[in-house]
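In: Here's my sequence, what's the structure:
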Amino acid sequence: MDRRKLISVAGATLLAGCGSNTGNGGSTPQDNSTPEPAEFEVISTTGGTYTTGESWPLEFTVANRGGSDGVFESQLQLSPSGSDWEDVMEISLAVDAGESSRFYQQVDPIDSAGTVSFRLQGTEAQWSITFERPESEFQGPSDEDRTYVDLQYRDYLEYEVEEIKSEASETSYEDVFRNADDRRGDAVHFAGTVAQNIPYETYDVYLIFTGNSYSEPIYASYVGDKFIQGDEVELWGQILGTEIYQSGAGGTNTVPGIAIAEMVITD
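Out: Numbering: from 1, shown residues only. Take a look at the predicted model:
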C-alpha cells in the first residue's frame, strides 16, 4: 500500500484568546488559585470499511479533562497490513478546558485493498480501516426457462478479469459438461468458433463450438465487444452450470453455460 497516496492531510491549530477583567474603584475578591493544566483524552475514533478508489474519512475526537485550555499534540502513525509503524503527520488540535474537539479530514482515494491500522503516539487510541475492492455481480434471469437460452451475465471489473485469466484451468470440454453444475463459479479457458450471436440490450449470448468439434458447444454471455459468426476466438470466464433450451426440432439440448470475462479474436 502506497503511504504517499494514503494520507494527504494537514492538521489545524485553533488557539483561544485570553482576556482580563479590571475593577472600577471597588475591591473585588479574586481567585488566585492556579487552574489545573490541560489533560487530554482521545474519546472516540472512526474506523470502518471503505471501497478502494473512493475518498474516506480520517476522524477522531479529543476531550480536555483539565482546567486550562490547551493544544493536543501527537504524531499520527499507520501500519499497513501489519507492517511496521510509520509516521504520517503531526497532529495539533486546540481543545478548551472541559470541552472536546473533533479532528476530521476527507482523505484521497487509495488503490490497494487491505487493512490499515492507525494510532496516536502517546495515547491509547488505535483503530483500523479496511479497504475493499468493488465487486461486480451476476445479473439476468435466476430461473431457467427451458424454451429459450437465458444465461446470466456479468460486467466484470478489470481486476476481476485478470484474476479469472490467471486462475482459469485448462480443462476438457467433457469435464465441464459432466460437472458444470458442481463447478459453478470455476474459472475456465476455451478456444473455439462463434456459431451464433443472440443480442440482448446490455449483453450478448454466443453459441461457440469449442476445440475443433461441432459436438462440443457452449452458450456464453458476454458484456463487451461484438463478435460475429465465424470468428475464431479465445475466451476466459466462469462456469454458470448447464443451459437447457428447446431445439428447433422440439426437443431439448443441454450444454455448459459460461459467463465470459474476456474474449478476443485469435489469428
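In: For the rest of this, base every contact and every neighbour count on C-alpha atoms.
Out: OK.
In: any idea what residue 166 is structurally, helix, strand or coil?
Out: Secondary structure assignment for residue 166 (DSSP: H, G, I helix; E, B strand; the rest coil): helix.
In: Burial check on it, number of neighbours?
Out: 13 (other Cα atoms under 10 Å).
In: Now do it against residue 186, distance only.
Out: Separation of residue 166 from residue 186 (Cα to Cα, to the nearest Å): 12 Å.
In: Same question for residue 108.
Out: Going from residue 108 to residue 186 by Cα to Cα gives 35 Å.
In: do the same with residue 103
Out: If you measure residue 103 against residue 186 using Cα to Cα, the figure is 46 Å.
In: Neighbour count for those two, which is higher?
Out: residue 186 (18 against 15).
In: Dihedrals phi and psi, the more buried one?
Out: The phi and psi values for residue 186, taken as degrees, to the nearest 10, are phi -70, psi 140.
In: Check what contacts stretch 221-233 and list those residues.
Out: Applying Cα atoms under 8 Å, 6 or more residues apart in numbering, the external contacts of stretch 221-233 come out as 151-155, 191-197, 202-206, 258-267.
In: first vs last residue of that stretch, how far apart are they?
Out: 14 Å.
In: Helix, strand, or coil at residue 174?
Out: helix.
In: And it, how close does it get to residue 185?
Out: 17 Å.
In: out of these two, which sits in the busier spot?
Out: Higher neighbour count among residue 174 and residue 185: residue 185, with 15 against 11, using other Cα under 10 Å.
In: Flag every buried residue along stretch 223-234.
Out: 223, 227, 231-234 (16 or more other Cα atoms under 10 Å).
In: Report pLDDT for residue 226.
Out: The per-residue pLDDT reported for residue 226 equals 95.
In: measure it to residue 51 for me?
Out: According to Cα to Cα, residue 226 and residue 51 sit 31 Å apart.
In: Of the buried residues of stretch 223-234, just say which sits nearest to residue 40.
Out: Nearest to residue 40 among the buried residues of stretch 223-234 is residue 223, at 56.0 Å by Cα to Cα.
In: Doesn't residue 177 lie inside a strand?
Out: No: secondary structure of residue 177 (three-state DSSP): helix, not part of a strand.
In: show me what contacts it?
Out: 242, 255-256.
In: Show me where the stretch 101-250 of the chain has its strands.
Out: Here the stretch 101-250 of the chain has its strands, by DSSP state E, counting those that start in this stretch, at 114-120, 126-132, 187-199, 204-210, 217-222, 232-246.
In: Given the second one, what are its sheet partners and their directions?
Out: Based on DSSP bridges, the pairing partners of strand 126-132 within the sheet are strand 48-51 (parallel), strand 114-120 (antiparallel).
In: Over to the last one?
Out: The pairing partners recorded for strand 232-246 under DSSP bridges are strand 187-199 (antiparallel), strand 252-265 (antiparallel).
In: need those in a markdown table with mean pLDDT, distance to residue 114 and mean neighbour count, can you?
Out: Listed next are the strands paired with strand 232-246 as a markdown table, based on pLDDT from 0 to 100; distance: least, Cα to Cα, whole Å; neighbours: other Cα atoms under 10 Å:
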| stretch | mean pLDDT | distance to residue 114 | mean neighbour count |
| --- | --- | --- | --- |
| strand 187-199 | 95 | 24 | 20 |
| strand 252-265 | 96 | 24 | 21 |
